[in-house]
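1. sequence and predicted structure below; questions after.
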Amino acid sequence: MRLHGPHEQTIPSRDRTTNWSSHNAALRKRGSLLIWVDKDMTWRAPQECRPGPPAVFSDAAIQFCLSIKALFKLLLRQTAGMASNLLRLAGPDWPVPGSSTLCRRQKTLAVQIPYRRMDGPLNLLVPSRGITL
C-alpha cells in the first residue's frame, strides 16, 4: 500500500489469505469451548462443626468459578454470571456463588491453570475431585 502526500512512505502489505475455507475453520476452532461437568461432584460444602457461619459451597465449586475467572480474564460479577450460564447449559441445577463469596474464598484457594497450546480447543474437565485442563 502506498500513501501519497508530502511525506510518502511505503507500508508493507500484509500476507493475503488464499484458502478462506481453511482460514474460517481455524477461526471457528479457536473459539471452541467444551466443558465436561461431573454431576456427582460435591458442589455444596460438607457441614462442619466450627465457629461462624457454615460454608455453602465446596472448594471444588469455588475452584470451578475461579478457573472460569482466570481463563476468561473476568471480574467476579462477570464470573458468577458466566458460571451460572455454563452450569445451566451443562445441566446441573446448582446455585452459583456470588461475587462476595468468590472474593472471600479466593484468598484461600490457589487457582493454577496449566499451559495449553493456542491452536486447539479448550477442554475444561470438571470431575468430582476438582478442575483439570
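-> It's in.
2. what pLDDT does Glu93 get?
-> If you look again at residue 93, you'll see it is Asp, not Glu. If you check Asp93, the pLDDT there is 84.
3. would you mind measuring from it to Arg28?
-> Separation of Asp93 from Arg28 (CB to CB, to the nearest Å): 30 Å. Where C-beta positions appear, they are placed from N, C-alpha and C, glycine not excepted.
4. quick one: the helices in this structure?
-> 20-30, 59-72, 76-90, 99-105 (DSSP state H).
5. just want to know which of Asp93 and Arg28 has more residues nearby.
-> Arg28 (10 against 7; other CB atoms under 10 Å).
6. now do the contacts for Ala90.
-> By CB atoms under 8 Å, 6 or more residues apart in numbering, Ala90 lies in contact with 35, 37.
7. what does Leu89 give?
-> Ile35.
8. again, 7 Å this time
-> Contact partners of Leu89, counting by CB atoms under 7 Å, 6 or more residues apart in numbering, are absent.
9. could you do the one 10 residues further on as well?
-> With contacts taken as CB under 7 Å, 6+ apart, Ser99 has the following neighbours: 76-77, 80.
10. nearest to Trp36, out of those residues: which one, please.
-> Within the contacts of Ser99, distances to Trp36 taken as CB to CB reach their minimum at Ala80, with 20.8 Å.
11. just checking, that closest one touches Val96?
-> Yes: using CB atoms under 7 Å, Ala80 is in contact with Val96, at 5.5 Å.
12. next, show the common contact partners of the two.
-> Shared contacts of Ala80 and Val96, defined by CB under 7 Å, 6+ apart, are found at Cys65.
13. show me where pLDDT drops low in the chain?
-> Low-confidence segments of the chain, defined by pLDDT under 70: 1-15, 31-32, 113-133.
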